[in-house]
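Asks: Following is a predicted model, sequence given first.
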Amino acid sequence: MRRLRHLMGHRRTVASNRALGLLLAFNAGAVNAGGFLVVHLYTSHMTGFVSMLADNLVLGNTALVLGALGALLAFTSGAAATAVLVNWGRQRHLHSSYALPLLVVAALMLVFGLVGAITLHWRTPFAVPATVLLLSFIMGLQNATVTKMSASQIRTTHMTGVVTDLGIELGKMLYWNRTGTPPEALVRANQARLRLFAGLLGMFLVGGVAGATGFKHVGFVFVVPLALLLLVLSLPPLWADRARLRHPLHRPTPAAPPAGP
């Protein structure tokens, strides 16, 4: 329990950010690849939806414009929900300020895993089934959670920035430093960042393979174990805050300033 509290606690370390980032990269890869088999869209790739929106505005394809707009709004709403939950928790000095959005991610993934087939038939004003909006909202929640946890150092739902940073570190590693170059001018790769970005890319890829395989052979229920894992991760800090969460609207009284001499 202490280790799980440390992993999801409000006090972050490089090690806890790395461990959680790798886990959530696997989760994003699995949900993204598995979701593609269901809705034929990569619901974590907002770059693609922005391009779809622009292209189809020009082509006059209203249905695709609405679909891209819906996914963008859902992803943005998920990120905004994370900001609300994290800042609400911080103002109340909760240990679970980051566990709260992860709990919502786990709950929505359970919904997707258990009744996802039904949501495929729920029509929305955006000309795409509710499944697309649900998955985009989940990815927005997750990406914003890791972003705030790591002070914008880690992203997990898309790999463009990760691959770019990996390439930069590889370029620095391969750079030839001339003999006699002063130590302060030497070009050196940051080994910790190199391992982090390689790990994130690898976990997203492995998650994608697992997600595609799971959805192909098992279906929506493949997501349930992933959701339960996130649920387990979020519970220890929530348990530590159980007394405060019984009165969620009550804000802690600020400490009185020390008395003068």
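Replies: All right, it came through fine. Numbers count the residues shown, from 1 in each chain.
Asks: Just the buried residues of the lengthiest helix in the chain, please?
Replies: Criterion DSSP state H: the longest helix present in the chain is helix 62-91. For helix 62-91, burial by neighbour count (16 or more other CB atoms under 10 Å) applies to 64-75, 78-79, 81-82, 85-86, 89. From N, CA and C alone the C-beta is placed, and that goes for glycine too.
Asks: before we move on, what about stretch 163-178?
Replies: For stretch 163-178, burial by neighbour count (16+ other CB under 10 Å) applies to 165, 166, 169.
Asks: Pull the residues that contact it.
Replies: Outside stretch 163-178, the residues that touch it by CB atoms under 8 Å, 6 or more residues apart in numbering are 186, 187, 188, 189, 190, 193, 194, 197, 198, 201.
Asks: Beyond the longest helix of the chain, next helix or strand please.
Replies: Sequence order places helix 99-119 as the next helix or strand after helix 62-91, per DSSP states H and E.
Asks: Considering the contacts of stretch 163-178, which is situated nearest to residue 127?
Replies: Distances from residue 127 to those, taken as CB to CB, are shortest for residue 201 (33.2 Å).
Asks: Let me know the average pLDDT across the helix or strand where residue 55 lies.
Replies: Here residue 55, judged by DSSP H and E, is contained in helix 46-59. For helix 46-59, mean pLDDT rounds to 92.
Asks: which other residues reach it?
Replies: Defining contact as CB under 8 Å, 6+ apart, one finds that helix 46-59 is touched by 42, 62, 64, 65, 67, 68, 69, 71, 72, 75, 158, 160.
Asks: Could you measure from the second one over to residue 76?
Replies: So the one you mean is residue 62. Separation of residue 62 from residue 76 (CB to CB, to the nearest Å): 21 Å.
Asks: same check, this time on the first one
Replies: When CB to CB is applied, the distance between residue 42 and residue 76 equals 17 Å.
Asks: Also the last one?
Replies: Spatial separation of residue 160 from residue 76 under the definition CB to CB is 18 Å.
Asks: So for residue 7, what's the pLDDT?
Replies: On the pLDDT scale, residue 7 is placed at 67.
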